[in-house]
Structures are given as C-alpha cells and as structure tokens.
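Chemist: mind looking at a prediction? Sequence and model below.
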Amino acid sequence: MQLDVDISSKSYTSANGKRQQVIAGMTFTLRRGEVGVVVGPSGCGKSTMLRILAGLDSDYQGKVSQPAGARLAMVFQEPRLLPWRSVEDNVRLAAPDVAEDRLSAIFAVLELEGHRSHFPGELSLGLARRAALARAFAVEPDFLILDEPLASLDDALAARLREEIATLVASRPMITLLVTHSMDDAVRLGDRIFLLSSRPARLLHTVPIAVPRAQRSNELIAAIKADLARLDFSVS
Ligand SMILES: Nc1ncnc2c1ncn2[C@@H]1O[C@H](COP(=O)(O)OP(=O)(O)OP(=O)(O)O)[C@@H](O)[C@H]1O
C-alpha cells in the first residue's frame, strides 16, 4: 500500500481573471507505516497540495494514486467540529463502528476523557485540535492527513500533542502526511521530510530520517536540524 504523488502543475484563477501557478512540480512516494512531513514557506501551496492528495481538488496536472480502498482521515488547520454536538458525538458520528476500548484508548492518549460531553464552543484551540485528532484516529484511517496540527499552540502543549500524535501513529500502520512550519516537529515526527520552495511550490529536497522516532535523542535531532540548515532552504 503506497501513495504515489506526481503533480506537475496546479494553478488558480483569481477574481481578476489572472492565472496564478501554485504548484510547479512535486513527485514523491509514501509507504504504509511512514510519516511524511511537508515543510515550506507560508502561502507556498501546502494546503492546496493536501486538498489534491485528499481527492478534494481534481483540477491539476499530474497524477496522484491513493492506495486502493484506503480509508482517509484529514485534520484541517482549523478543527472542523460540529458545534451542536459533544466531543464524543463528533467522534461517534464520524466513526459509528468504533469499538469502546479503542475509543477509550484514543480519548486517554489525547487526554480528552474529561471532555467527552463538552461542546466545541467550550473548548480551547488545543482541546479542539485534540478532538479533531480523536475523530480522525477513531476512523482508523489507512491514510491520515494533518494540516499544521500544532500551529498556534504554546510550546509545552505543542510538545505534548506531538508526543500524542507519535503514540497514535505508532498504534496502527498507515500512511501519514503532515504539514508544519516547524523544522523541530518535522525532525521529531517525520520518516521523510519534503522541503518545498516558495510559491509556486516545487519539491527542493527529500530528507529521509532512518532512526526510529522513539530513538531520536535531543542531540540527534539537533544534529539533523543543523544538517538541514545547511541546505538551500528557508521556511520564512
Ligand atoms: N481557492 C483558491 N482560489 C484562488 N487562490 C487560492 C485558493 N486557495 C489558495 N489560493 C492561493 O494559493 C496560494 C497557496 O495557498 P495555500 O493555502 O495552499 O498555501 P499554504 O502553503 O498552505 O499556506 P500557509 O502556510 O499560510 O497555510 C496562496 O497564494 C493562496 O492565496
């Protein structure tokens, strides 16, 4: 089971009728069990790429082969929860067949047990993100897409949520693709890092990280980040 991506071009037509190219070339493969992390400057076309990979946008040049029969879950930048449903109902509606013990395990990992009956309007951004993640994992996806799941959280909460994502990713073999602005998140979570250029996005470097996630010491992470800093690449 693998995801094959070969996008040669993607353009939008703006309100004034001008065509704007957003993606200029991206070819990569992700296999089952792998976490791919996409890093690129703001506005370069990352969310656009994720929408294409999720099958939400077919207006591009190239070819994307999702794994046959793969169940997809996507967590958007803004947690899209149904406001009139509790956290637990949001999850159950997306995953009506989820087993009780699996549901409890997911809520426990994400520290949501005490929030099952809360409504989205009562949640902080961090909690809402975790609820959206719980919903994605309850679906038991084969292909998981996460669009900046740790953005605008404070450092301590982002670090905890990153650990929680790593635990969940380890709990089932799937293809995971995550977008982030943080090289630290990329090096801590990724098996392969895809570094994109500014708009129109082009894949500049693919950086594999061979050491298993659980064995990455702070020293190793710092060394990999130092190596990455030597590449011709900037996220700003
Ligand atoms: N539906 C659309 N119609 C026209 N232009 C769009 C549309 N969606 C995105 N764009 C433009 O495409 C470019 C890339 O947007 P996209 O959201 O993919 O970037 P991004 O890398 O995810 O940005 P960020 O890091 O800020 O989240 C931007 O210039 C944006 O304005």
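Modeler: Received, thanks. Residues are numbered from 1 along each chain as shown.
Chemist: what separates whatever helix or strand residue 38 lives in from the chain centre, distance-wise?
Modeler: Using DSSP states H and E, residue 38 maps to strand 35-39. Centre-to-centre, strand 35-39 and its host chain are 7 Å apart (Cα atoms, centre = their mean, to the nearest Å).
Chemist: flag every buried residue along that strand.
Modeler: By neighbour count with 16 or more other Cβ atoms under 10 Å, strand 35-39 contains the buried residues 35, 36, 37, 38, 39. For the C-beta atoms, the positions are set from N, CA and C on the backbone; glycine is no exception.
Chemist: can I have the helix or strand bottoming out on mean pLDDT in the chain written out in PDB, keeping just the CAs?
Modeler: Lowest mean confidence among the helices and strands of the chain (mean pLDDT, DSSP states H and E): helix 155-171, at a mean of 86. Presented in PDB, the C-alpha positions along helix 155-171 are these (Å, rounded to 0.1, in the frame of the first residue of the first chain):
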ATOM      1  CA  ASP A 155       5.400  25.200  23.200                       C
ATOM      2  CA  ALA A 156       4.600  22.900  26.100                       C
ATOM      3  CA  LEU A 157       1.200  21.900  24.700                       C
ATOM      4  CA  ALA A 158       2.600  21.500  21.200                       C
ATOM      5  CA  ALA A 159       5.300  19.200  22.600                       C
ATOM      6  CA  ARG A 160       2.700  17.100  24.400                       C
ATOM      7  CA  LEU A 161       0.400  16.900  21.400                       C
ATOM      8  CA  ARG A 162       3.400  15.900  19.200                       C
ATOM      9  CA  GLU A 163       4.100  13.000  21.600                       C
ATOM     10  CA  GLU A 164       0.400  12.100  21.400                       C
ATOM     11  CA  ILE A 165       0.500  12.100  17.600                       C
ATOM     12  CA  ALA A 166       3.600   9.900  17.700                       C
ATOM     13  CA  THR A 167       1.900   7.400  20.000                       C
ATOM     14  CA  LEU A 168      -1.200   7.300  17.800                       C
ATOM     15  CA  VAL A 169       0.800   6.900  14.600                       C
ATOM     16  CA  ALA A 170       2.700   4.000  16.200                       C
ATOM     17  CA  SER A 171      -0.600   2.400  17.200                       C
END
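Chemist: give me the helices and strands touching it, please.
Modeler: helix 100-109, helix 125-138, helix 183-189 (3 or more Cβ pairs under 8 Å, 6 or more residues apart in numbering; DSSP states H and E).
Chemist: partners of whichever helix or strand comes after that helix in the sheet?
Modeler: Downstream of helix 155-171, the next assigned helix or strand under DSSP H and E is strand 175-180. Strand 175-180 has its sheet partners listed here by DSSP bridges as strand 35-39 (parallel), strand 143-147 (parallel).
Chemist: just want the angle from strand 175-180 to helix 155-171.
Modeler: 170 degrees (axes from the mean of the first three to the mean of the last three Cα atoms, to 10 degrees).
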